[in-house]
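**Student:** prediction below, plus the sequence it came from.
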Amino acid sequence: MKVGVLALQGNVPEHLQALAGLLPKGDLVPVRDPSTFAQVDTLFLPGGESTTIARLLKETHLWPLLASRLKEGFPVLGTCAGLILLARDLAPGSGGRDPPTLGALDVRVRRNDYGAQRESFEGPVRVQGLSGGPFPGVFIRAPRILDVGPNAEPFAWRDQEVVGVRAGVVWGTTFHPELSGDLRLHRRFLAEVGRSIRT
Ligand code: GLN
């Protein structure tokens, strides 16, 4: 299984480093263009700046390719800006222009809803089915999940608030597992994706 990390902007090295702890080097592919995208069986969408990532996805012609693969059940894990890009829609109010979204996760989110950079925070996250105690949640200018529709399922919570959702093999988190030094979520996603690709 070849695993891609969208390498246009944002926390790309951090995802690559986390995944390097779990995979042989040759199975890890930074995705920058249609030819590298064609090699991968799954893709991580990193945190960063969703407006910039959306613009670069369009400039590199990756946007329509990713959109159509998502419709065919292509597995993707999006963190923070990555979740924003996967969302069904965005609630206005973040200030500035919102990016277009891919609509692969049935959630409404609002960007930057916990405040500016200085309001970034860390805290324990409860992840369904993950053993070994709470997951260290790193939230950086995080979006807030305002609404989860019938086609998505929450799998992670901070207190009572949903901070992770999935629709089959499309997963999104408002926090950054790639910045936590904890590989459990990456590992669990890859295990499920591996099963879905083999079956
Ligand atoms: N605030 C960023 C955005 O709206 C996301 C922040 C992040 O990915 N750390 O795109």
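**Tutor:** Yep, that arrived.

**Student:** which non-adjacent residue is nearest Q117?
**Tutor:** R141 (5.7 Å; CB to CB, 6 or more residues apart in numbering). C-beta coordinates here come from the backbone N, C-alpha and C atoms, glycine included.

**Student:** contacts only, for that neighbour.
**Tutor:** C80, R111, N112, Y114, G115, A116, Q117, E119, S120 (CB atoms under 8 Å, 6 or more residues apart in numbering).

**Student:** what's the spacing between the spatially most central residue of the chain and E178?
**Tutor:** Nearest to the mean C-alpha position of the chain, by CA atoms, centre = their mean, lies G78 at 0.8 Å. Distance of G78 to E178, computed by CB to CB, to the nearest Å: 11 Å.

**Student:** with L85 instead?
**Tutor:** 16 Å.

**Student:** and for P124?
**Tutor:** When distance is defined by CB to CB, P124 is 17 Å away from E178.

**Student:** higher neighbour count, these two?
**Tutor:** E178 (30 against 13; other CB atoms under 10 Å).

**Student:** hang on, L62 packs against A38?
**Tutor:** No: assessed by CB atoms under 8 Å, L62 is found out of contact with A38, at 10.5 Å.

**Student:** between those two, which one's more packed in?
**Tutor:** Neighbour count, other CB under 10 Å: between L62 and A38, L62 has more, with 20 against 13.

**Student:** contacts for the least confident helix or strand in the chain by mean pLDDT next, please.
**Tutor:** Least confident helix or strand, the chain: helix 184-198 with a mean of 87, by mean pLDDT, DSSP states H and E. Contacts of helix 184-198 with the rest of the structure, by CB under 8 Å, 6+ apart, involve 1, 3, 18-19, 22-23, 41-42, 73, 75, 77, 127, 129-130, 132, 135, 168-169, 171, 173, 177-178.

**Student:** report the distance from that helix to the chain centre.
**Tutor:** Relative to the centre of its chain, helix 184-198 is centred 14 Å away, using CA atoms, centre = their mean, to the nearest Å.

**Student:** and it, which residues are buried?
**Tutor:** By 16 or more other CB atoms under 10 Å, the buried positions in helix 184-198 come out as R184, L185, H186, R187, R188, F189, L190, E192, V193.

**Student:** lovely, talk soon.
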